[in-house]
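>>> Return a 3D structure for these sequence lines:
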Amino acid sequence: MVQPADIHPHMEVIGSDGDHVGKVDHVVGDEIELSKLDLGAGLKHHMVPLSWVDRVEDDKVWLNRTKDAAKAAWKIRV
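Residues are numbered from 1 along each chain as shown. Next up is the predicted model:
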């Protein structure tokens, strides 16, 4: 299992299909908050559960779901 300490700000978040999902702003508890200043994240903060992370490799966070599946299920931070 990936540890929160393995994930750092500005790391790219990639879907299992290899597509860009967003960039890490920071880790909050058991979720990754994506930077709102990223077009891939729709210019809003979105929360991605750590349980979606497949691996951290080459300074990238790889998810266990596709970009579209992640975007359909992520939470918007209010």
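
>>> what's near enough to touch the closest residue to Leu50 other than its chain neighbours?
Nearest residue to Leu50, sequence neighbours excluded (Cβ to Cβ, 6 or more residues apart in numbering): Asp30, at 5.0 Å. C-beta coordinates here come from the backbone N, C-alpha and C atoms, glycine included. For Asp30, the contacting residues are Pro4, Pro49, Leu50, Ser51, by Cβ atoms under 8 Å, 6 or more residues apart in numbering.

>>> my guess is the third one meets Glu31, correct?
Yes - if you go by Cβ atoms under 8 Å, Leu50 and Glu31 touch, sitting 6.5 Å apart.

>>> Between those two, which contacts overlap?
Shared contacts of Leu50 and Glu31 (Cβ under 8 Å, 6+ apart): none.

>>> Do you have the helices of the chain handy? List them.
Under the criterion DSSP state H, the chain contains helices at 67-73.
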